[in-house]
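1. Next comes the sequence, and after it the predicted model I'd like to discuss.
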Amino acid sequence: MKEEISASKRTLTDALAGAAAGMFSRTVFAPIDRVKLLIQLRGSIIPKSSSSSVSDGGQQHQQHYNKSPMQIFRGIIQKEGLLSLWRGNTPTIIIEGGATALNFVFLNWFKLASLNVLTSLEVRYPSLRQDNGGDRTRRLLQSFVSGGLAGATTISFLYPLGFMRTRLATDVGTKGERLYPAGMRDV
């Protein structure tokens, strides 16, 4: 009983440490991620309102983002301020921490759920029986299926946050000209 509590405590500690490390690394690299998103989506970014976007089809705005990554990086700092490099980071760290926690929860849940399925498959596939040396195959199959289902379930829960993150990270301009000036509340 004490070993089970210790194992559960260790799993929780590992999950929290992994989530914290992921959130820290995402925060450190958020400026690079924002520049990357602006480059990837530069043809899709349309400013909320600017006289240039109406008169010239947004050509001046697009020229700002059709530059090298370093020029875009400097332009963001000059036009939007230093903290704007972390725009969209809050949903990113929620995703990172949530993904770690949900993966641990769902992986264990799917492993327990798959035991019944694997037991019923033993009748049809004798190689899965433990007494036939199928223990390794059974564990591998259980881990593979559980991991895939856990990952898919986690992504299904966190997809809206990923969408929000992309919207916020590609929201360019100063406070008055941005599409989502209040951040996550506006998306």
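-> That came in fine, so what should we check first? Numbering: from 1, shown residues only.
2. the strands in the protein, which residues?
-> Counting by DSSP state E, the chain forms no strands at all.
3. What segments of it are helices?
-> Taking DSSP state H to define them, one finds helices in the chain at 2-28, 30-40, 51-55, 59-65, 69-80, 89-124, 135-169.
4. mean confidence score for the fourth one?
-> Pointing back at helix 59-65 there. The average pLDDT within helix 59-65 is 52.
5. try the fifth one
-> The average pLDDT for helix 69-80 rounds to 91.
6. ok, and what's touching it?
-> Residues outside helix 69-80 that contact it (Cβ atoms under 8 Å, 6 or more residues apart in numbering): 31, 34-36, 38-39, 64-65, 67, 84-85, 87, 172-174. To be clear about C-beta, it is placed using only N, CA and C from the backbone, and glycine gets the same treatment.
7. Take the helices of the chain and write them to CSV, including distance to A182 and mean neighbour count.
-> What follows is the helices of the chain, written out as CSV (distance: least, Cβ to Cβ, whole Å; neighbours: other Cβ atoms under 10 Å):
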stretch, distance to A182, mean neighbour count
helix 2-28, 21, 12
helix 30-40, 18, 17
helix 51-55, 22, 12
helix 59-65, 22, 15
helix 69-80, 15, 14
helix 89-124, 12, 17
helix 135-169, 11, 16
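8. So D171 is in contact with E177, correct?
-> No: at 9.8 Å, D171 does not count as touching E177 under the criterion of Cβ atoms under 8 Å.
9. how close does the residue most central in space within the chain get to R136?
-> Nearest to the geometric centre of the chain sits I95, at 4.8 Å (Cα atoms, centre = their mean). Plainly put, I95 is 34 Å away from R136 if you go by Cβ to Cβ, to the nearest Å.
10. per-residue pLDDT, the residue nearest to the centre of the chain?
-> 87.
11. For this protein, give me the ranges with low pLDDT.
-> Low-confidence segments of the chain, defined by pLDDT under 70: 1-5, 44-66, 128-134, 185, 187.
12. One more pass at 50, please.
-> 50-58, 61 (pLDDT under 50).
13. before we move on, back to that, when D171 and E177 are compared, which one has more neighbours?
-> D171 (22 against 16; other Cβ atoms under 10 Å).
14. Now that one. Its backbone dihedrals?
-> phi -80, psi 100 (degrees, to the nearest 10).
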